[in-house]
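>>> what follows is a protein structure lacking sequence information:
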């Protein structure tokens, strides 16, 4: 099944998603990596409204071209690094979509279930293909503080492809695969 979601990503639309579903995202998404997650989880003030929004674990390659920002590469980064912070961010800011690669842990899965959030897996190694879905850079925050890779980039995307691997019902494709792998070993 293929589902199209457009920002804002409401809790009702998120709760309808199931593990294994393919999703195309359109609208605004926000990038964030280690420094931003730590800052937000420790009580830092968000410069954007994350409610019903998406945080993409990505450090995009962005260049200035003819007076505008242009995303040249936008591949996902490994999400598990954000596990110490993600549940608090979901709760505090009302995030409904997390995008990354490799999955997340138990605390994030529980927060997804409790607050109505999903984890969407983006394909690693497809940074240029994913960058092609970015139609516009709407803003950048913390660039001088965190550097360009760790900055919070506001991106407008169209048909950004993902796969639901953790849903808002507590199911995790990552946990299923880990259990099957352990049984085989």
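That came in fine, so what should we check first? If you're wondering where the values come from, they're calculated on a predicted model, not measured in any experiment. Numbering: from 1, shown residues only.

>>> so which residues make contact with the helix or strand of the chain with the lowest mean pLDDT?
The helix or strand of the chain with the lowest confidence, counting by mean pLDDT, DSSP states H and E, is helix 173-184 at a mean of 84. Applying C-beta atoms under 8 Å, 6 or more residues apart in numbering, the set of residues contacting helix 173-184 from outside is 19-20, 102-104, 109, 121, 164-166. Bear in mind the C-beta positions are built from the backbone N, C-alpha and C, glycine included.

>>> tell me the buried residues in the top strand by length along the chain?
Taking DSSP state E as the criterion, the chain has its longest strand at strand 152-166. Across strand 152-166, burial judged by 16 or more other C-beta atoms under 10 Å covers 152-155, 157, 160-162, 164-166.

>>> from those, which is closest to residue 98?
Nearest to residue 98, judged by C-beta to C-beta, of the buried residues of strand 152-166 is residue 166 at 8.0 Å.

>>> show me what the residue nearest to that closest one when sequence neighbours are not counted bridges to in the sheet.
Of all residues not flanking residue 166 in the chain, residue 119 sits nearest, at 3.6 Å (C-beta to C-beta, 6 or more residues apart in numbering). Beta-bridge partners of residue 119, counted by DSSP bridges, are residue 98, residue 166.

>>> residue 38: what's it in contact with?
residue 85.

>>> same check on residue 145?
Counting by C-beta under 8 Å, 6+ apart, residue 145 has no contacts.

>>> sec struct for it, please.
helix (DSSP: H, G, I helix; E, B strand; the rest coil).

>>> show me the helices in the chain, by range?
Ranges of helices in the chain, per DSSP state H, are 11-15, 34-41, 83-93, 106-115, 127-131, 143-146, 173-184.

>>> out of those helices, flag the one nearest residue 52.
Comparing the helices of the chain by C-beta to C-beta, helix 11-15 comes nearest, at 7.3 Å.

>>> what's in contact with the closest one?
Counting by C-beta under 8 Å, 6+ apart, residues outside helix 11-15 touching it are 5, 52, 96-97, 116-118, 168-169.

>>> relative to residue 119, how far out is residue 177?
14 Å (C-beta to C-beta, to the nearest Å).

>>> more neighbours: the two, which one.
residue 119 (28 against 12; other C-beta atoms under 10 Å).

>>> can I assume that one is in contact with residue 113?
No: counting by C-beta atoms under 8 Å, residue 119 sits too far from residue 113 to count as a contact (11.2 Å).

>>> with pLDDT and distance to residue 173 added, can I get the contacts of helix 173-184 in TSV?
Output for these, formatted as TSV (pLDDT from 0 to 100; distance: C-beta to C-beta, whole Å):
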residue	pLDDT	distance to residue 173
19	97	5
20	96	7
102	95	11
103	95	8
104	96	11
109	97	11
121	98	8
164	98	8
165	98	4
166	98	7
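
>>> quick one: buried residues of stretch 8-23?
8-9, 13-15, 17, 19, 21, 23.
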